[in-house]
Each structure stands twice: as C-alpha cells, then as structure tokens.
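J.: What follows is a predicted structure for the sequence shown.
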Amino acid sequence: MKPVPIIDLVNSYPVNDWFLLAMILTLLLMLVIMGPYRYDYVKSFLSMFRFKSPDGDVSYPLLSTAENIAVFLLSSVCIAIAVGIYSHDLLEEGFSQIIFLLWYSFAVAVCLVVKLMLYTATNKILYNRQIITLKPGRWNSFFVMSYSVAGLLILIFSILVVFLNIHLLALLVFAYLMRLLVIIGRIFKIKTTLFKNQRSNTGFILYLCAFELAPILIEFMLTSRLFGLI
C-alpha cells in the first residue's frame, strides 16, 4: 500500500525548486515575525473599515524597528512572488526567477520608501503647524501594517494558486482587490484621523491626490508598459 501524500502536487503548476524555496521561506519568515502579533494585526486591519464608528487614532502592532524593516522588505518579496507567478514560466531552470524576485522586490521597496519619506516630510510640516494631530511615525507604522497584511494575504493566495492549479486570473483579481481594500482603508483614515478637525476638505483632497491617487496612475502605466499585466 502506497502512502498518501499530505499535499497532492499532481494538479499543481510545475515550479522551479529555487522559486518554490523562496515562496516557502518568505512565508515562514512572515509568519515568524507577524505570528506573535496576529491579534493586533487583525484588530488594526479591521479598524481601517469601521465606517460607522470611526477611530480617532490609528492602530498598529508594536513591532520593533528591526521587525518593521524585516516585514516591510518581506512584503515587497511577497508582491514580487505574485508578479513572478503571473508573468513568468515557473518551470524555467536556473536562477532567472530568483534574480527577477530580487530586483522587483528591490524596486517595490525603493518606491515605497520614497513614499514613506514623502509622507514623513509632509506630515511633519502639517504636524508642526497643528493642521494634523497625528505624529508622522505613527502614520508610517500604520502604513507598514496595512502593507504587510496585504502582502501576506497575497503570498498565501499565490501559494494556493500554485499548489491547487487555480487560474492565474484569480491571482490578479485577488491582488488588485487587496490593493483596493488597503487604499480604501488608508483614505478613510486620512479623512477621519489626519484631517478630522478641518472645516475645509481642500487639504484632504490635495493630500489624497498626492499620496494615493497619483501613485496609482503611475503604477498603472508602469505595470501595463513594462510587464503587460493589465
């Protein structure tokens, strides 16, 4: 009698061993870092969508600086893995897929670091002028929280796509759905936390266009031209 495997890979996508190792290692590292704070992550992420009882402050897990940096970089790898699954031949031998993961993760991380720096500079000015009452560091931690939760969920769904042979279009839809949820949550918090005491909506609209809408348009153009994902 032959033993029955726990995971049947007969119907899964053929995957390069190095790419598979990268997926599993990234998932394990994410779970090790985020696991002890799982309840805080759930609470913080759900707080983004409390439209009927908006919070006056932002919520996020109290990770150390090293943990925040690590989960931020790993979340960029999660995004790169999803893009790699959607756009590359997973059976291709060699290290081309790993090289793609490295440079794409680096590109995503750099873009988000620039965005965080712009957030910090702008929020410091607004905070010093008492236009907003939330300290810039708290908003950055909230941003990393939302990004890491989305990254982990996209990675888990990517693994399910590979092992269960789910159509790649489902991965694209799920990734954009998570992206949309995070953007909606951040927009809600910008209005209810950063600009809650403002009579005019001008500051909110300008802030929204500069930090949420404009990056989406740039990302859309770059993605469609460079990778043909849309």
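T.: Thanks, I have it. Everything numeric here is computed off the predicted structure, so don't read it as measured data.

J.: how about the helices in this structure?
T.: Using DSSP state H, the helices of the chain run over residues 17-34, 38-47, 65-87, 96-128, 136-164, 168-189, 202-208, 214-226.

J.: now those in a markdown table, with mean pLDDT, distance to F195 and mean neighbour count?
T.: For every residue, glycine as well, the C-beta is placed using N, CA and C. Formatted as a markdown table, the helices of the chain follow (pLDDT from 0 to 100; distance: least, Cβ to Cβ, whole Å; neighbours: other Cβ atoms under 10 Å):
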| stretch | mean pLDDT | distance to F195 | mean neighbour count |
| --- | --- | --- | --- |
| helix 17-34 | 90 | 30 | 16 |
| helix 38-47 | 87 | 17 | 16 |
| helix 65-87 | 89 | 25 | 20 |
| helix 96-128 | 84 | 9 | 16 |
| helix 136-164 | 89 | 12 | 20 |
| helix 168-189 | 86 | 10 | 16 |
| helix 202-208 | 67 | 4 | 14 |
| helix 214-226 | 59 | 18 | 12 |
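
J.: between those helices, which gets nearest to S59?
T.: helix 38-47 (4.3 Å; Cβ to Cβ).

J.: Please name the residues that touch the residue lying closest to L29 once chain neighbours are set aside.
T.: In this structure, L29 finds its nearest non-sequential neighbour in L74, 5.7 Å apart by Cβ to Cβ, 6 or more residues apart in numbering. Counting by Cβ atoms under 8 Å, 6 or more residues apart in numbering, L74 touches 26, 29-30, 33, 148, 151.

J.: and if you look at L27?
T.: 155-156, 159.

J.: ok, back up a step: ok, so of the contacts of L74, who is nearest W139?
T.: When those are compared against W139 (criterion: Cβ to Cβ), the nearest one is S148, at 15.0 Å.

J.: Verify the contact between the closest one and A70 for me.
T.: No: between S148 and A70 there is no contact under Cβ atoms under 8 Å: 9.8 Å.

J.: Overlap in contacts, the two.
T.: In contact with both S148 and A70: no residue, using Cβ under 8 Å, 6+ apart.

J.: Give me the distance between the most centrally placed residue in the chain and S96.
T.: Nearest to the mean C-alpha position of the chain, counting by Cα atoms, centre = their mean, stands Y147 at 3.3 Å. With the distance defined as Cβ to Cβ, to the nearest Å, Y147 ends up 27 Å from S96.

J.: for L116, same thing?
T.: Taking Cβ to Cβ, one finds L116 at 30 Å from S96.

J.: How about A80?
T.: From A80 to S96 the distance is 13 Å (Cβ to Cβ).

J.: Now do the same contact list for A150.
T.: 75, 178-179, 181-182.

J.: Between those, which sits nearest L46?
T.: L181 (11.0 Å).

J.: can you tell me which residues contact the closest one?
T.: Each residue near L181 by Cβ under 8 Å, 6+ apart is listed here: 49, 150.

J.: got the phi/psi numbers for N165?
T.: For N165, the backbone dihedrals (degrees, to the nearest 10) come out as phi 60, psi 40.

J.: Done for today, thanks.
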